[in-house]
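S.K.: What follows is a predicted structure for the sequence shown.
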Amino acid sequence: MDAIKTYIETNKERFLNELIELLKIPSISADSAYKDDVLKTADAIKDSLARAGCDHVEICETDGYPIVYGEKIIAPNLPTVLVYGHYDVQPPDPLDLWESGPFEPIIKKTDLHPEGAIFARGACDDKGQMYMHVKALEYMTETNCLPCNVKFMIEGEEEVGSANLAVFVKNNQEKLKNDVILISDTGMISNTQPSITTGLRGLSYVEVEVTGPNRDLHSGLYGGAVANPINVLAKMIASLHDENNHITIPGFYDKVEELSREERDEMAKAPYSLDAYKKALDIDDVYGEAGYVTNERNAIRPTLDVNGIWGGYTGEGAKTVIASKAYAKISMRLVPNQDWEEITELFKTHFESIAPEGVRVKVTPHHGGQGYVTPIDNIGFQAASKAYMDTFGVKPIPQRGGGSIPIVALFEEELKSKTILMGFGLDSDAIHSPNEHFGIFNYFKGIETIPLFYKYFTELS
């Protein structure tokens with residue numbers, strides 16, 4: 001413990017500066033205009049892994065953005081940890097809500113981060129958390145205390161569905177062979193009460209298009225006489241929830257895992273303040289499915305949300321038209337046992353069936369993935385728990401997360417190993433939102449904790 005703390009303190013400024021330089025690169029995988037920046041980031045990760053002590057590092061080409069692979073093999077009889085992360089980031093829009101440039105990292109102190117936090121797109125999701133593992137490896141190789149083998153697989157398409165990662169994993173099972181997979185792309189309860197994510201929701205993401213007349217029409221001449229695609233789309237979307245905020249798609253809940261009262265009571269032991277939650281979001285009240293509290297709605301229950309909606313004239317001033325088309329992007333977060341492809345098909349069938357005469361509906365699936373639950377009785381979870389206990393002085397609470405990392409279920413299917421989700425971010429870090437940030441305390445605490453996971457996992461294996 002003293003050795004790693006001393007190493008971090010000695011290299012503190014360098015560790016921060018290296019992350020800041022990485023955050024300056026706008027590696028936005030969803031926008032082809034940033035292709036060169038995404039590729040530049042992959043090269044930067046490759047160089048960082050080599051400097052940290054990997055004996056072999058390579059850029060693995062895919063049909064999309066490359067995967068950076070690195071390894072440090074001590075001995076074939078020792079356990080192998082496979083670290084997964086991603087170097088691509090979400091688009092920063094809306095830009096006008098950022099207090100500083102999304103790719104101009106700055107450090108600011110906040111109430112939750114009195115030691116300061118790095119504000120930039122990708123600070124927490126996932127460059128900052130991924131880079132903790134690179135620096136943890138550096139410490140273990142520089143001090144000759146790496147107790148087992150380690151492999152890195154860092155991709156550039158997580159924010160757009162990881163389609164090419166699935167192909168890479170299936171085609172490289174021997175290269176990726178491991179005893180446990182370690183990911184830091186989740187969060188924890190607070191900086192004083194750590195938690196380990198034991199479950200992730202699945203995802204189905206679709207785009208819908210409603211078409212009415214063959215062109216935009218004058219709203220005075222045609223209003224009330226033809227179907228308005230925007231009006232129709234709004235009604236169709238509104239009908240997807242009932243008065244209890246229950247999703248109305250037939251068959252949607254057929255395979256939903258219902259947690260026991262005992263499990264729900266255990267979840268309720270996690271520290272939580274509804275008032276603080278509302279204050280942080282500047283809302284008067286929470287909203288969601290009847291019969292469940294907020295921490296259940298966003299973790300163990302499926303959801304359906306509109307992520308974007310558009311159509312017609314949205315420029316300055318007035319233009320009195322009935323639009324020919326209206327669009328929406330919709331995501332459904334799924335719980336274990338719900339198959340994302342099956343849910344996508346259920347949505348498509350239902351959405352097409354509720355369209356009134358006078359419009360045509362098109363549903364385009366984008367991407368998705370299965371939910372995942374990791375048992376708390378495996379040695380990977382136990383090693384992580386002991387590591388957190390050492391560095392935080394408090395036993396971590398197992399907690400299901402509301403987000404999705406679709407490839408986790410694929411990892412277990414193809415590589416036959418469990419995934420441990422050691423996240424160090426906070427819910428307030430604004431991932432995917434303007435002013436995303438990652439606490440300096442959290443960054444260094446991750447670097448401090450990760451080597452202990454390696455130690456305990458090797459001892460327990």
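M.R.: That came in fine, so what should we check first? Numbering: from 1, shown residues only.
S.K.: average pLDDT for stretch 287-306?
M.R.: Per-residue pLDDT over stretch 287-306 has a mean of 95.
S.K.: Can you list the buried residues in that stretch?
M.R.: Neighbour counts over stretch 287-306 (16 or more other Cβ atoms under 10 Å) mark G288, E289, N295, E296, R297, N298, A299, I300, R301, P302, T303, L304 as buried. C-betas here are computed from N, CA, C, even on glycine.
S.K.: For the residues you listed, could you give me a markdown table that also reports distance to T198 and secondary structure?
M.R.: Output for the buried residues of stretch 287-306, formatted as a markdown table (distance: Cβ to Cβ, whole Å; DSSP: H, G, I helix; E, B strand; the rest coil):
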| residue | distance to T198 | secondary structure |
| --- | --- | --- |
| G288 | 22 | coil |
| E289 | 22 | coil |
| N295 | 14 | helix |
| E296 | 15 | helix |
| R297 | 18 | helix |
| N298 | 15 | coil |
| A299 | 10 | coil |
| I300 | 11 | coil |
| R301 | 16 | coil |
| P302 | 18 | coil |
| T303 | 19 | strand |
| L304 | 24 | strand |
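S.K.: okay, the residues you listed in JSON lines with distance to S100 next?
M.R.: What follows is the buried residues of stretch 287-306, written out as JSON lines (distance: Cβ to Cβ, whole Å):
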{"residue": "G288", "distance to S100": "33"}
{"residue": "E289", "distance to S100": "37"}
{"residue": "N295", "distance to S100": "32"}
{"residue": "E296", "distance to S100": "36"}
{"residue": "R297", "distance to S100": "32"}
{"residue": "N298", "distance to S100": "28"}
{"residue": "A299", "distance to S100": "32"}
{"residue": "I300", "distance to S100": "36"}
{"residue": "R301", "distance to S100": "36"}
{"residue": "P302", "distance to S100": "36"}
{"residue": "T303", "distance to S100": "31"}
{"residue": "L304", "distance to S100": "34"}
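S.K.: any idea which of those residues is closest to G380?
M.R.: If you rank these by distance to G380 using Cβ to Cβ, A299 comes first, at 20.7 Å.
S.K.: so who does that closest one touch?
M.R.: Residues near A299 by Cβ atoms under 8 Å, 6 or more residues apart in numbering: G199, R201, M267, Q399, R400, G401, G402.
S.K.: Touching, the third one and E296? I think so.
M.R.: By that I understand M267. Yes: taking Cβ atoms under 8 Å as the definition, M267 is a contact partner of E296 at 6.9 Å.
S.K.: so where does the residue nearest to L452 when sequence neighbours are not counted fall, helix or strand?
M.R.: Distances taken as Cβ to Cβ, 6 or more residues apart in numbering put A387 closest to L452, at 3.7 Å, once the chain neighbours are dropped. Using DSSP states H and E, A387 sits within helix 379-392.
S.K.: now swap in V232 and tell me
M.R.: Counting by DSSP H and E, V232 is found in helix 229-238.
S.K.: Go through the helix or strand of the chain with the lowest mean pLDDT and flag the buried ones.
M.R.: In the chain, no helix or strand scores lower on mean pLDDT, DSSP states H and E than helix 261-267, which sits at a mean of 80. Neighbour counts using 16+ other Cβ under 10 Å place M267 of helix 261-267 among the buried residues.
S.K.: on contacts alone, who are the packing partners of that helix?
M.R.: helix 294-297 (3 or more Cβ pairs under 8 Å, 6 or more residues apart in numbering; DSSP states H and E).
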